[in-house]
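> The sequence isn't on hand, but the structure is:
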């Protein structure tokens, strides 16, 4: 995830110059080339560590790196889909953590719930970046639908998340989350 964020900062440099000019890259306190090198190093470390754990972990980490790369180059500019991709990759961490212990329906449920929550957060971040996106990314949801409709979609996603969390707490025995 860290390497994906770093690559995103390099790719979004022109957008961040408008939306977040106080960050290190727009202030020219870091060179994009340096950030790309650290991102590559983080990917190599993640691959090596995952290789030591298991072949399945290695495969998932490889897939995540490829998906983050594709997201940064092409999918981030797609309405809502890019936000959902980031949410799903973040939720995948629950599965990655449970693979060697006890992957069960509770872990899968936590993955789904966290993916919905993080997707809504990502949409909110996209809404906040609308000014720079209007210049550089004309196909994000806030640019296509406008702020009010995008906020409505965000509220819907957030409500779905909250309902799912509430239902989980009401319908699942409390001990389920402690017996992972």
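Done, it's in. Remember, it's a predicted structure, so these values are computed and weren't measured experimentally.
> Could you give the number of residues near residue 21?
10 (other CB atoms under 10 Å). In this view, the C-beta of every residue, glycine as well, is placed from N, C-alpha and C.
> gap between the residue lying closest to it once chain neighbours are set aside and residue 87?
Spatial nearest neighbour of residue 21, chain neighbours left out: residue 27 (7.1 Å); criterion: CB to CB, 6 or more residues apart in numbering. The gap separating residue 27 from residue 87 is 30 Å, by CB to CB, to the nearest Å.
> Of the two, which one has the most company?
Legend: neighbour count by other CB under 10 Å for residue 27 and residue 87, higher for residue 87 (23 against 12).
> any idea which helix or strand carries that one?
helix 81-98 (DSSP states H and E).
> Next up, the contacts around the most centrally placed residue in the chain.
Nearest residue to the geometric centre of the chain (CA atoms, centre = their mean): residue 86, 2.6 Å. Counting by CB atoms under 8 Å, 6 or more residues apart in numbering, residue 86 touches 71, 118-119, 122.
> Which of these ranks first by neighbour count?
So for the contacts of residue 86 (other CB under 10 Å), the most neighbours sit at residue 119, 25 neighbours.
> So that one is in contact with residue 89, correct?
No: the criterion here is CB atoms under 8 Å, and residue 119 misses it with residue 89 at 10.3 Å.
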